[in-house]
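Q: Structure, please.
(chains A and B)
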There are 2 protein chains.
Amino acid sequence: MRAPMKAKVHVTLKPGVLDPQGKAIAHALEALGFDGVADVRQGKYIEIDLEHGSGDSGGDSSGDSSVGAEDRVNDMCEKLLANTVIENYSVEIES
Amino acid sequence: MRAPMKAKVHVTLKPGVLDPQGKAIAHALEALGFDGVADVRQGKYIEIDLEHGSGDSGGDSSGDSSVGAEDRVNDMCEKLLANTVIENYSVEIES
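A: Numbering: from 1, shown residues only, chains lettered A, B, ... in the order given. Next up is the predicted model:
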C-alpha cells in the first residue's frame, strides 16, 4: 500500500442505442440559442481511487502493477459499472 | 459547415461535495469482492457534435475556429451542463 493509483472510467452508450438524455440536452441547448449542435450523447465518468498494490490476484505483484490494476478495473466494468449489452467502456490508469 | 468537430465535456463534483452515487458504487464494488477501492467519484461525460464553422459570434471565423468552439462549449457548460456551485467542468475540442 504505497501511493494510490487513480482509474478513470468512461462509460458510453454504443452507437445506435437511443440516448433520450442526450437528445434532451441538445434540445435545451437549441432553446438557449446555441445553434450548430448536431448531436449530443451523454455518458458516465467514474474516478476510482485504488490503493496501490492491493491487487489480490495471487500476489502477482511483480512487473507493472498498473497492468494488474487495469485488469481489475476492466473486471469492475464488466460486473458492475457498465451494461455491456448497450454500453462501451474505456479504462485509463494514472499512478 | 465543413467537417464537424466534437467537444468532450467532463462534469465532476467539486472536492468536498458529498457524492452518494460514488459511495454506492464503492460499497457495491466491495460487496462484489473488489478490495483496495479507496474512493469512487461519479461525474458526467458529454460528447457534443458541433457543426464546423457554425459559431455565429459576429462572423469571426478567421483564426483558429476550435478556439471559438471551445468558448461556445464553455458557455454551454456555464448555462446548462454544469451546476457551477457544486461542479467543475473541463472541455476538450477534437476536430
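Q: In a strand, A:Asp35, correct?
A: No - read with DSSP: H, G, I helix; E, B strand; the rest coil, A:Asp35 is coil and lies in no strand.
Q: so how far is chain B from it?
A: Distance, A:Asp35 to chain B, by CB to the nearest CB, to the nearest Å: 6 Å. Every residue, glycine included, has its C-beta placed from N, CA and C.
Q: Which residues does stretch A:87-95 contact?
A: The contact list for stretch A:87-95 (CB atoms under 8 Å, 6 or more residues apart in numbering or on different chains) reads A:3, A:5-14, A:17, A:43, A:52, A:66, A:69-70, A:73-74, A:77, A:81-82.
Q: With stretch A:67-85 instead?
A: Here stretch A:67-85 has contacts from A:5, A:7, A:9, A:11, A:44, A:46, A:48, A:50, A:55, A:57, A:60-61, A:88-89, A:91, A:93, B:25, B:28-29, B:32, B:34, using CB under 8 Å, 6+ apart.
Q: Same check on stretch A:21-36?
A: The set of residues external to stretch A:21-36 that reach it, using CB under 8 Å, 6+ apart, is A:37, A:39-42, B:46, B:50-51, B:54-56, B:72, B:75-76, B:79-81.
Q: go with 10 Å
A: For stretch A:21-36, the surrounding residues in contact (CB atoms under 10 Å, 6 or more residues apart in numbering or on different chains) are A:13, A:19, A:37-43, B:1, B:4-5, B:44, B:46-56, B:69, B:72-73, B:75-76, B:79-81.
Q: Give the buried residues for it.
A: By neighbour count on 16 or more other CB atoms under 10 Å in any protein chain shown, the buried set for stretch A:21-36 is A:22, A:25-26, A:28-29, A:34, A:36.
Q: sorry, back to before: just the buried ones from the contacts of stretch A:21-36?
A: Buried members of the contacts of stretch A:21-36, counted by 16+ other CB under 10 Å: A:13, A:19, A:37, A:40-43, B:4-5, B:44, B:46-48, B:50-55, B:69, B:72-73, B:75-76, B:81.
Q: and whichever strand or helix holds A:Gln21, C-alpha only, in CSV?
A: Element membership for A:Gln21, per DSSP states H and E: helix A:20-31. C-alpha atoms of helix A:20-31 as CSV (Å, rounded to 0.1, in the frame of the first residue of the first chain):
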residue,chain,number,x,y,z
PRO,A,20,-33.0,10.4,-24.8
GLN,A,21,-30.9,12.2,-22.2
GLY,A,22,-28.6,13.4,-24.9
LYS,A,23,-31.5,14.5,-27.1
ALA,A,24,-32.9,16.5,-24.2
ILE,A,25,-29.6,18.3,-23.8
ALA,A,26,-29.5,19.0,-27.5
HIS,A,27,-33.0,20.5,-27.5
ALA,A,28,-32.3,22.5,-24.3
LEU,A,29,-29.1,24.0,-25.9
GLU,A,30,-31.1,24.9,-29.0
ALA,A,31,-33.8,26.6,-26.9
